[in-house]
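[1] dropping the sequence and predicted coords here.
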Amino acid sequence: MFKASLGEGAELRPLVPSMAEEFAAHMDRGREFIGRYVSIADVVADAEAARKLLETYAEKAASDTGRIWGIWLDEVLVGGVLFRTMDFRMETAEAGCWLEPAAVGKGLVTRGVAAIIDWAVEVRGIHRVDWWAATGNTASIAVAKRLGMTREGVIREAYLHRGVRYDMEGWSVLAPEWRAAKGA
């Protein structure tokens, strides 16, 4: 897995099981903010749960079915991006993200997701990257828009989170669209 500079003291690096304690501490700092729409805040309840999640993603990386990266700002883990799924037969991937409050408004998620989409399209041959966001998650929808994704529709009450059913917006970008936007 690659790592990349995101500029201004920020770096994208693989999140691996040996980082479980750092990952859990990061999630503790941002749990309520992150957990408004993203279940990873509830999954990573402590260092052991963090290790299990990172082991799952290590297995996904080994089987080429998913990836997870952290975003470090001035050497502090403040968020992350991932491919929840990757299907090379279908040439598709589903991207996602999270960020703790201290790092909001710096463009880190947009730059991080752009880096992994570029890697998936240009290096790995992915044709379509999907993005799902609860209709009320305006920050996530704004990322999709900044990345040049197309809104494809709303799936009603598709996501059960903390006892609430959320409508989900489906967004995507296709490889030719990604390349054209990069060239513009």
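    Sure, I can see it. On a predicted model such as this, the values are computed, not experimentally measured, just so you know. Residues are numbered from 1 along each chain as shown.
[2] show me where pLDDT drops low in this structure?
    Under the criterion pLDDT under 70, the flagged ranges of the chain are 1.
[3] can you show me the strands along it?
    Secondary structure of the chain by DSSP state E: the strands cover 4-7, 10-14, 67-73, 76-87, 92-99, 128-134, 150-161, 164-174.
[4] got the angle between the second one and strand 67-73?
    Counting by axes from the mean of the first three to the mean of the last three C-alpha atoms, to 10 degrees, strand 10-14 lies at 150 degrees to strand 67-73.
[5] mind giving me the packing neighbours of strand 10-14?
    For strand 10-14, the packing partners by 3 or more C-beta pairs under 8 Å, 6 or more residues apart in numbering; DSSP states H and E come out as strand 4-7, strand 67-73, helix 108-118. Yep, even glycine has a C-beta here, placed from its N, CA and C like the rest.
[6] so how far is that strand off the chain centroid?
    12 Å (C-alpha atoms, centre = their mean, to the nearest Å).
[7] equivalent analysis for the shortest one, please.
    Offset of strand 4-7 from its chain centre (C-alpha atoms, centre = their mean): 16 Å.
[8] what lines up beside it in the sheet?
    strand 10-14 (antiparallel) (DSSP bridges).
[9] spatially, what comes nearest to residue 181 if we skip its sequence neighbours?
    residue 148 (4.4 Å; C-beta to C-beta, 6 or more residues apart in numbering).
[10] just the CA trace of the lengthiest helix in the chain, in PDB.
    Determined from DSSP state H, the single longest helix within the chain is helix 47-63. This file holds the C-alpha atoms of helix 47-63, laid out as PDB (Å, rounded to 0.1, in the frame of the first residue of the first chain):
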ATOM      1  CA  ALA A  47      -7.700  -0.900  21.400                       C
ATOM      2  CA  GLU A  48      -8.700  -4.600  21.000                       C
ATOM      3  CA  ALA A  49     -11.600  -3.700  18.800                       C
ATOM      4  CA  ALA A  50      -9.300  -1.300  16.800                       C
ATOM      5  CA  ARG A  51      -6.800  -4.200  16.400                       C
ATOM      6  CA  LYS A  52      -9.600  -6.500  15.100                       C
ATOM      7  CA  LEU A  53     -10.800  -4.000  12.600                       C
ATOM      8  CA  LEU A  54      -7.300  -3.300  11.400                       C
ATOM      9  CA  GLU A  55      -6.700  -7.000  11.100                       C
ATOM     10  CA  THR A  56      -9.800  -7.300   9.000                       C
ATOM     11  CA  TYR A  57      -8.500  -4.600   6.700                       C
ATOM     12  CA  ALA A  58      -5.000  -6.300   6.600                       C
ATOM     13  CA  GLU A  59      -6.900  -9.500   5.400                       C
ATOM     14  CA  LYS A  60      -8.800  -7.400   2.900                       C
ATOM     15  CA  ALA A  61      -5.500  -5.900   1.600                       C
ATOM     16  CA  ALA A  62      -3.900  -9.400   1.400                       C
ATOM     17  CA  SER A  63      -6.900 -10.600  -0.600                       C
END
